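Engineer: only geometry, no sequence info:
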């Protein structure tokens, strides 16, 4: 299927590993110019060198001026940004009983402020050209909160509320705004978490993996390319009548429709 985004320019935040990297590779495979970003500059450049038309930008999106540096690098290399994939680390784990007032501010600072700033830097151009795609990589806890991720349960739904409101306002301009909610995926980070758990409990990592996968109706974790394929479609010309939507890619993990 031709997604009709060849020659479009896509900025993919936090794309040096995991789901972000998968999305960068999927968009590149469709002929888009891709800006790979992340704190590890050499890794960003290494991944970009493997793609047909890409640059790597070693910038922390959470740093002062980080969003501006990323968009300037994209504009210098390719011109206008057509596709923006929002992605980044969530706040630290915490239960509702453990959360402090200061933690709330940190959640807002890490999950909402840099993402909104990235949007603000590209939105006017998208609206003027009559075409744009904004996609936020998020998680299923915006519809089914997780007990140990209270700060994420606060920050991610707040970002979703902003993006839903934005989607309605820019829909007449040909700009779509959607979220893609990840369930459990087989990434290096998940492998590391399971290895740590195995070391702490003395149980085999394979046993822990099987136990956690059994909670998913498909009885497995997703592969990164499965998530990236859905994301690439939402960034494409073919998804032009989809906006203000949170699409789940979770193997059926969330119990509600």
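Structural biologist: Perfect, I can see it now. All figures in this text were calculated on a predicted structure; none of them were measured in a lab.

Engineer: all strands of the stretch 1-150 of the chain, in order?
Structural biologist: Under the criterion DSSP state E, counting those that start in this stretch, the stretch 1-150 of the chain contains strands at 9-12, 33-38, 54-58, 83-86, 132-139.

Engineer: Run through the residues that contact the residue nearest to residue 71 when sequence neighbours are not counted.
Structural biologist: In space, residue 71 comes closest to residue 121 once its chain neighbours are excluded; the distance is 4.5 Å by C-beta to C-beta, 6 or more residues apart in numbering. Yep, even glycine has a C-beta here, placed from its N, CA and C like the rest. Residues near residue 121 by C-beta atoms under 8 Å, 6 or more residues apart in numbering: 67-68, 71.

Engineer: can you tell me the helix or strand for residue 179?
Structural biologist: Using DSSP states H and E, residue 179 maps to strand 175-182.

Engineer: which secondary structure elements does that strand contact?
Structural biologist: Under the contact definition 3 or more C-beta pairs under 8 Å, 6 or more residues apart in numbering; DSSP states H and E, strand 175-182 sits against helix 113-129, strand 132-139, helix 150-170, helix 224-234, strand 245-249.

Engineer: who wins for proximity to residue 61 among these?
Structural biologist: helix 113-129 (4.9 Å; C-beta to C-beta).

Engineer: Average pLDDT for that closest one, rounded please.
Structural biologist: The average pLDDT within helix 113-129 is 97.

Engineer: which of the residues in it are buried?
Structural biologist: Going by neighbour count (16 or more other C-beta atoms under 10 Å), the buried part of helix 113-129 is 114-116, 118-119, 121-123, 126-127.

Engineer: swap in stretch 127-146?
Structural biologist: 127, 131-143.

Engineer: One more: stretch 172-192?
Structural biologist: Quick answer for stretch 172-192 (16+ other C-beta under 10 Å): 173, 175-187.

Engineer: Which residue of this protein lies farthest from its centroid?
Structural biologist: Going by C-alpha atoms, centre = their mean, the residue of the chain most distant from its centre is residue 202, 33.2 Å out.

Engineer: For burial, what's the neighbour tally of residue 247?
Structural biologist: Residues near residue 247, counting by other C-beta atoms under 10 Å, number 17.

Engineer: The nearest residue to residue 143 once chain neighbours are set aside: neighbour count?
Structural biologist: Leaving out its chain neighbours, the residue that sits closest to residue 143 by C-beta to C-beta, 6+ apart is residue 254, at 5.9 Å. Here the number of neighbours of residue 254 (other C-beta under 10 Å) works out to 15.

Engineer: Return the distance of residue 254 relative to residue 20.
Structural biologist: Counting by C-beta to C-beta, to the nearest Å, the gap from residue 254 to residue 20 is 22 Å.

Engineer: And for residue 37?
Structural biologist: Taken as C-beta to C-beta, the span from residue 37 to residue 20 is 8 Å.

Engineer: can you list residues touching both of the two?
Structural biologist: Contacts common to residue 37 and residue 20, judged by C-beta under 8 Å, 6+ apart, are 12-14.

Engineer: So which of the residues you listed is the closest to residue 28?
Structural biologist: residue 12 (9.3 Å).
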